[in-house]
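[1] Here is my input; please provide its structure:
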Amino acid sequence: MTMTGFFQNRDRVFALVLIVLASIFYALIGDMEEPYSPGALAASTYPRLILACIIGLSCMLIIQPVSSEQQTTIIPWKGLAVILLAAGYIFLIERVGFFVLTPVFLLLVPLVVGYRHYVATAASAILVTAGLYAVFVLVLNIPLPAGLLGD
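    Numbering: from 1, shown residues only. Below you'll find the model as predicted:
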């Protein structure tokens, strides 16, 4: 198989993008604070484990893609759009705030991928945002970024 044929499979291209992104995030986690007591898990343990799993599964996807069909277009536009939306969400969440940005993000992602049940999308965006608020703020006492709404 030629390199051109190798990159014409959407699964392989997507897996390579995931490996690059997961590697970047893994490197960025290196600055997280270590625990104070010996034997305690660091805050970076869980994200590193998840990123290592993503890298491992992506390597398996490169070796044996799910779909064997060759595509004429290399770039999966919907997947790339979702990745860009997620990157924008991460970039803006401190500035704009969780309560403003999360429902917008949860409304846009289904629309980008082609889901057209507007009432269900809006209801799920509101319910997921409220559920995350309840878990993080009310149960775990972890403040969420307020952004435009202030502290």
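[2] From here on, just use CA atoms for contacts and neighbour counts.
    Noted.
[3] List the buried residues for stretch 13-21?
    For stretch 13-21, the neighbour count (16 or more other CA atoms under 10 Å) marks 13, 14, 15, 16, 18, 19, 21 as buried.
[4] possible to save those as JSON lines with secondary structure, distance to residue 115 and pLDDT?
    Formatted as JSON lines, these follow (DSSP: H, G, I helix; E, B strand; the rest coil; distance: CA to CA, whole Å; pLDDT from 0 to 100):
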{"residue": "13", "secondary structure": "helix", "distance to residue 115": "24", "pLDDT": "82"}
{"residue": "14", "secondary structure": "helix", "distance to residue 115": "21", "pLDDT": "83"}
{"residue": "15", "secondary structure": "helix", "distance to residue 115": "24", "pLDDT": "88"}
{"residue": "16", "secondary structure": "helix", "distance to residue 115": "26", "pLDDT": "89"}
{"residue": "18", "secondary structure": "helix", "distance to residue 115": "23", "pLDDT": "90"}
{"residue": "19", "secondary structure": "helix", "distance to residue 115": "27", "pLDDT": "92"}
{"residue": "21", "secondary structure": "helix", "distance to residue 115": "26", "pLDDT": "89"}
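[5] Residue 81: which of those residues is nearest?
    residue 14 (12.4 Å; CA to CA).
[6] name the element the residue nearest the centre of the chain belongs to?
    Geometric centre of the chain, nearest residue: residue 86, 5.8 Å, by CA atoms, centre = their mean. Using DSSP states H and E, residue 86 sits in helix 77-96.
[7] which residues sit against that helix?
    101, 102, 105, 109, 112, 113, 145, 146, 147, 148 (CA atoms under 8 Å, 6 or more residues apart in numbering).
[8] Give me the nearest residue to the fourth one, chain neighbours excluded.
    Setting aside the residues directly before and after it, residue 109 is nearest to residue 82 in space (CA to CA, 6 or more residues apart in numbering), at 6.2 Å.
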